[in-house]
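Undergrad: The sequence isn't on hand, but the structure is:
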Ligand SMILES: Nc1ncnc2c1ncn2[C@@H]1O[C@H](COP(=O)(O)OP(=O)(O)OP(=O)(O)O)[C@@H](O)[C@H]1O
């Protein structure tokens, strides 16, 4: 490690960027150009985010992790008169050993894959508020261990993003990350999905059999999303695997050793479910080794504009647009709104606005669609014969679900939020009414 640090230290000495108050690069030191192969004429007046990517993981006061021209770095950002100075630093005395370890692991990841794959790292978890930095720091520490993690937080707060980042930073990073949404698996299919089955295990089974999610995650991480939605029976089956660390396919005769790390997530209060007898206490304690609570977006309003700006840049790239800023009215609205669907909701609002926006500024008008004012456009009234109360209720429910799904662009978690019902209940209704 010392050699790596020494080498990197030499490379980046005196590497500096200076920006104005809008984040546009106004000066770049010769060392910065040289060591990161950045041409002055190409970066001057560009946004600093175009050069320092994946920025945002605060490692220590004023010290950030970011990727500069493909190289993971630690840098310091300091406010100056009229702007900011970004100084790349990797000296051993300036940063804590753990932080260097974190950085070198990230470097290893970048080197090993040549190019980052599209899994997430901590760099992709945006936010500089104290509460999210605290969770990121804790998650980075937990990542190195092999223990089970329970992620709790409202829908859309980034639980899956955290799960992937933990996996990416762990020693299992070169093995699979397998995500399972427990709501989406009907109880009768749980065993075949999770444990897999041998050829001819049941009628309708694939001829050649099928490996289960546990087998697919071998040596890697199994992410169990919405764990609270497993039935009591399925919880028991899962517990047995976690305890015995062995799995046997349905219709099989031999069991295989299981080497997986489990990360579970829920947006419900598992402790209360245990008290109510709806969640097995023994499974709860298996999962509750490390409990990471992801704060809701309304509890970290400092992050809203930073996230909005990052999403604008993301959609600029995807849609070939050149939006540079938001108008003041929109910024104020974004900060004041409560975001019940959290970061997911913010992201989809920005995406919708970006579809309409032209020019350089994203305006309130671009996002001002009916749901903002609470007014739903009136549908053409069609006189229909009154049906039985049961049929009328059923039709009203179908109509509300379809409207919510449309509003949420097909995102079921967000649609459930808009309807103020639990996502599991939405899944059940979709299946009951056979909705697409
Ligand atoms: N801190 C963040 N920085 C950048 N993007 C984020 C952040 N948090 C969430 N997102 C984005 O918001 C969306 C929802 O995130 P994710 O699916 O991880 O949430 P979740 O908590 O697992 O939701 P659910 O409980 O509904 O499954 C994704 O597009 C994700 O990339």
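TA: That came through fine. Everything numeric in this text was worked out from a predicted model, so none of it was measured.
Undergrad: Enumerate the residues of the stretch 301-436 of the chain near the ligand.
TA: 307, 343, 344, 347, 413 (CB under 6 Å from any ligand atom). Backbone N, C-alpha and C define where each C-beta goes, glycine included.
Undergrad: Let me see the backbone angles for the fourth one.
TA: Just to be clear, that refers to residue 347. phi -60, psi -40 (degrees, to the nearest 10).
Undergrad: cool, the second one as well?
TA: Recorded main-chain torsions at residue 343 are phi -60, psi -30, according to degrees, to the nearest 10.
Undergrad: Tabulate the residues of the stretch 301-436 of the chain next to the ligand (TSV), appending pLDDT and neighbour count.
TA: Shown next, in TSV, are these (pLDDT from 0 to 100; neighbours: other CB atoms under 10 Å):
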residue	pLDDT	neighbour count
307	95	20
343	96	23
344	94	20
347	94	18
413	81	22
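Undergrad: Of those residues, which pair is most distant in space?
TA: Maximum pairwise distance among these (CB to CB): 17.6 Å, between 307 and 413.
Undergrad: and the residue of the stretch 151-300 of the chain nearest the ligand?
TA: As assessed by CB to the nearest ligand atom, the ligand sits closest to residue 158 within the stretch 151-300 of the chain, at 2.7 Å.
Undergrad: May I ask you to confirm that that residue is in contact with residue 307?
TA: No - between residue 158 and residue 307 there is no contact under CB atoms under 8 Å: 10.1 Å.
Undergrad: what about the residue nearest to residue 236 when sequence neighbours are not counted, distance to residue 227?
TA: Spatial nearest neighbour of residue 236, chain neighbours left out: residue 280 (6.6 Å); criterion: CB to CB, 6 or more residues apart in numbering. According to CB to CB, to the nearest Å, residue 280 and residue 227 sit 11 Å apart.
Undergrad: Which positions within stretch 175-186 qualify as buried?
TA: 175, 176, 177, 178, 179, 180, 181, 182, 183, 185 (16 or more other CB atoms under 10 Å).
Undergrad: tell me which strands and helices the helix or strand containing residue 163 is in contact with?
TA: Assigned by DSSP states H and E, residue 163 falls within helix 159-169. Helix 159-169 sits against helix 97-113, helix 130-144, strand 149-152, strand 177-181, strand 221-225, strand 261-266, with contacts defined as 3 or more CB pairs under 8 Å, 6 or more residues apart in numbering; DSSP states H and E.
Undergrad: Now do the residue of the stretch 151-300 of the chain closest to the ligand against residue 263, distance only.
TA: Residue 158 is 13 Å from residue 263, by CB to CB.
Undergrad: Comparing those two, which shows the higher neighbour count?
TA: Between residue 158 and residue 263, counting by other CB atoms under 10 Å, residue 263 is the more crowded of the two (30 against 24).
Undergrad: Turn the residues of the stretch 301-436 of the chain next to the ligand into a markdown table, including distance to residue 40.
TA: Conversion of those to a markdown table gives the following (distance: CB to CB, whole Å):
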| residue | distance to residue 40 |
| --- | --- |
| 307 | 30 |
| 343 | 36 |
| 344 | 39 |
| 347 | 34 |
| 413 | 46 |
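Undergrad: Looking at those residues, spot the one nearest residue 238.
TA: residue 413 (21.9 Å).
Undergrad: so that closest one sits right up against residue 344, yeah?
TA: Yes - with contact defined as CB under 8 Å, residue 413 reaches residue 344; the gap is 7.0 Å.
Undergrad: Please identify every residue contacting each of these two.
TA: Both residue 413 and residue 344 are in contact with 155, 156, where contact means CB atoms under 8 Å, 6 or more residues apart in numbering.
Undergrad: Give the residues shared as contacts by residue 158 and residue 307.
TA: With CB under 8 Å, 6+ apart, residue 158 and residue 307 have common neighbours residue 343.
Undergrad: So between residue 280 and residue 227, which is more surrounded?
TA: Taking neighbours as other CB under 10 Å, residue 280 and residue 227 compare with residue 227 leading, 26 against 17.
Undergrad: mind listing what that one touches?
TA: 182, 264, 265, 266, 270, 287.
Undergrad: Show me what the longest helix belonging to the chain is packed up against.
TA: Ranked by residue count under DSSP state H, the longest helix found in the chain is helix 389-407. In terms of contacts (3+ CB pairs under 8 Å, 6+ apart), helix 389-407 is packed against helix 412-419, helix 423-432.
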